[in-house]
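Asker: Okay, here's the prediction I keep looking at, along with the sequence it came from:
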Amino acid sequence: MGRVVVDVMPKPEILDPQGKAVAGALARLGFREFAAARQGKRFELEVEGDVTPEVLERAREAATTLLANPVIEDVVRVEAAGA
Amino acid sequence: MRIGIVTFPGSLDDVDAARAVRVAGGEPVRLWHGDESVHGVDAVVLPGGFSYGDYLRCGAIARFSPIMSEVVRLAGPPDATSPGLPVLGICNGFQVLCESHLLPGALVRNDHRKFVCRDQHLRIERTTTPWTSRYADGEEIVVPLKNGEGGFVADDATLDRLEGEGRVVARYLRGNPNGSYRDIAGVSNASGTVVGLMPHPEHAVEPLFGPGTDGLRFFTSVLDAVLSA
């Protein structure tokens, strides 16, 4: 059983209210090292067999079709789990 | 005049939208997300709510439902100047239209991170659409607004193009409730037939409920448009 990991992040120019809330909470808890935070999404896609280049290509297609909205998000990683 | 109202799993305002169509004098036709056809309706309303639980992104799953494939096909390309099927997306329906790429931009979480529910002042800025023809250019109206992810965002080039082409249908007045760029409350496709609106005109169609009847003309306008088509 193989697994593909897809990471999606909000585009830098798009306001990220969730990340701002996280940054605010971190500061309140004393984690003052962190000036800002952005929050994204991680998807894990399982396949029956190995993660072949063809599977990765399909995962990239799925990422831009459904997993991410290219208007507001970037797909920042598509790779086999553990790679 | 048969106006289709789509119900997705998690739609909330489909019944009010159907009622608004009836109050306006049209015949509401209830459509189901699994329908492969719009059953010959003259226009379609995508109502507010939380389709598919807002999973993934608001409207992202609904966009791929069977009925939406048909709505996208009938609405035509977003930059076409010839009119396609009139479609009004309200709130979650607006989110579905953006996810479908029938409208540019996207809707993200309110900048203040709180759900907002209030009577909202708006200025109608495009009246050359089948949904707004009964309003005066620049007319101010008040209708309810209720959203958690109502911030309209797009890149500057897209915003400039929307304003340059007169495709901003409505703008927030007396305060921006959700951080929408340039106070944009609603936009249209190039021909004006597809309109997305974050506030809820369907909740302001009868004097005894809501802030007044300012929302009714969205639904009477489309009847005019269908009659003259």
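Answerer: Done, it's in. Numbering: from 1, shown residues only, chains lettered A, B, ... in the order given.
Asker: measure the residue lying farthest from the centre of chain A to chain B for me?
Answerer: Largest separation from the mean C-alpha position in chain A: residue A:30, at 26.4 Å (Cα atoms, centre = their mean). For residue A:30, the distance to chain B (Cβ to the nearest Cβ, to the nearest Å) stands at 22 Å. From N, CA and C alone the C-beta is placed, and that goes for glycine too.
Asker: Assign a three-state SS to that residue, would you?
Answerer: coil (DSSP: H, G, I helix; E, B strand; the rest coil).
Asker: So which bits of chain B are right by chain A?
Answerer: Chain B comes close to chain A at residues B:56-57, B:60, B:64, B:98-99, B:104-106, B:108-113, B:151, B:153-155, B:179, as judged by Cβ under 8 Å from any Cβ of the partner chain.
Asker: do that again at 6 Å, thanks
Answerer: Proximity of chain B to chain A, by Cβ under 6 Å from any Cβ of the partner chain, involves residues B:57, B:106, B:109, B:111, B:113, B:153.
Asker: What's the local residue count around the second one?
Answerer: The tally of other residues near residue B:106 (other Cβ atoms under 10 Å in any protein chain shown) stands at 23.
Asker: shouldn't it be in contact with residue A:71?
Answerer: Yes: under the criterion of Cβ atoms under 6 Å, residue B:106 makes contact with residue A:71 at 4.4 Å.
Asker: Can you list the residue ranges for helices in chain A?
Answerer: A:17-28, A:53-62 (DSSP state H).
Asker: Comparing these by mean pLDDT, which bottoms out?
Answerer: Mean pLDDT per stretch puts helix A:17-28 lowest among these, at a mean of 93.
Asker: Centre-most residue in chain B?
Answerer: Short answer for chain B (Cα atoms, centre = their mean): residue B:89, at 2.7 Å.
Asker: Looking at the closest residue to residue B:46 other than its chain neighbours now. What's its pLDDT?
Answerer: For residue B:46, ignoring the flanking residues on the chain, the nearest one in space by Cβ to Cβ, 6 or more residues apart in numbering or on different chains is residue B:93 at 2.9 Å. For residue B:93, the pLDDT comes out at 98.
Asker: Report the secondary structure state of residue B:93.
Answerer: Going by three-state DSSP: residue B:93 is helix.
Asker: Could you measure from it over to residue B:87?
Answerer: 8 Å (Cβ to Cβ, to the nearest Å).
Asker: and what of residue B:218?
Answerer: Counting by Cβ to Cβ, the gap from residue B:218 to residue B:87 is 12 Å.
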